[in-house]
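K.L.:
Need a 3D model of the sequence below.
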Amino acid sequence: MRIREMALITAAALLLTACSDSPSDTDIQAALQPRLEGASCVKAAMFNRFPVTLSDGVMSGTSSANQPAFDALTDAGLLAKSANTYSLTDNGRAAYVQQESGFCYAQGYEIAKIQNIAANPNPMGAAVDKSWVVTVDIRQKTIADWANTPAIEKLARNPENLSEVPKTYTVVVGRLKGEQTLKLIDPRFSIMRGVGVNQAF
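P.N.:
Residues are numbered from 1 along each chain as shown. Alright, predicted model coming up:
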């Protein structure tokens, strides 16, 4: 009886140690944060400057075959159209980021829920002291109203990126030997952000 009690106490102590050694939600947030930052934008090379005048000539600027894309941005309130020329509206100037060649609709991602933290059964190399497999729900931050219009959704090559619905990811985090800071050590983890727009030539 005494042996059984000692075994139970030892098992409980080991479980408590394992639980207390697990990374906190705050640690996980800090480890993933660099990958969550960055704007999501509706992008295309033809959006690299404004105003834009569409042309039927092959070698004379942006092709008129791209009119549906520019009209969609006009319907969303980002552009004003005069004949074949498109200029930024006030809303367009607020969303436009020239270095992105596009209009940004959300400012990064955030953790919605940490579902599970489990010790990683797989070795991660000599430099890693301990590692954990984390199942986490990640959602896009608030999306601008103009990006939720049917015109923009139809325009986008990957309209699923115009959503705030959380997606579930499995990532590996760990602590390197001699360090206390939790790090993301999963090279496969990435978030597909932004939407591309097809360009006609």
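
K.L.:
Which of the helices or strands spans Ala94?
P.N.:
According to DSSP states H and E, Ala94 maps onto helix 90-95.

K.L.:
Next, Arg35: phi, psi?
P.N.:
phi -80, psi -10 (degrees, to the nearest 10).

K.L.:
Would you check that it makes contact with Ile191?
P.N.:
Yes. Counting by Cβ atoms under 8 Å, a contact exists between Arg35 and Ile191, whose distance comes to 6.4 Å. (C-beta placed from N, C-alpha, C; glycine too.)

K.L.:
what packs against the helix holding Ala94?
P.N.:
The elements that helix 90-95 packs onto, with contact taken as 3 or more Cβ pairs under 8 Å, 6 or more residues apart in numbering; DSSP states H and E, are strand 102-106.

K.L.:
quick one: the strands in the protein?
P.N.:
Listed in chain order, the strands of the chain (DSSP state E) span 40-43, 52-55, 62-63, 79-82, 85-88, 96-97, 102-106, 109-119, 128-140, 167-176, 182-184, 195-196.

K.L.:
So, low pLDDT: which residues of this protein?
P.N.:
1-20, 57-60 (pLDDT under 70).

K.L.:
Break it into its domains for me.
P.N.:
23-38+107-142+160-190, 39-106 (automatic domain parsing).

K.L.:
Without its sequence neighbours, what residue ends up closest to Asn66?
P.N.:
In this structure, Asn66 finds its nearest non-sequential neighbour in Ala200, 5.2 Å apart by Cβ to Cβ, 6 or more residues apart in numbering.

K.L.:
what about that neighbour, neighbour count?
P.N.:
Ala200: 12 surrounding residues under other Cβ atoms under 10 Å.

K.L.:
got a list of what it touches?
P.N.:
Contacts for Ala200 (Cβ atoms under 8 Å, 6 or more residues apart in numbering) come out as Ser63, Ala65, Asn66.

K.L.:
So what's the residue count around the first one?
P.N.:
Counted with other Cβ under 10 Å, the neighbours of Ser63 add up to 16.

K.L.:
Is it in contact with Val52, as I believe?
P.N.:
No. Using Cβ under 8 Å, Ser63 is not in contact with Val52, being 10.8 Å away.

K.L.:
just to revisit the earlier point, residues contacting the helix holding Ala94, please?
P.N.:
For helix 90-95, using Cβ under 8 Å, 6+ apart, the contacting residues are Phe50, Leu73, Gly77, Leu78, Leu79, Phe103, Cys104, Tyr105, Ala144, Trp146.
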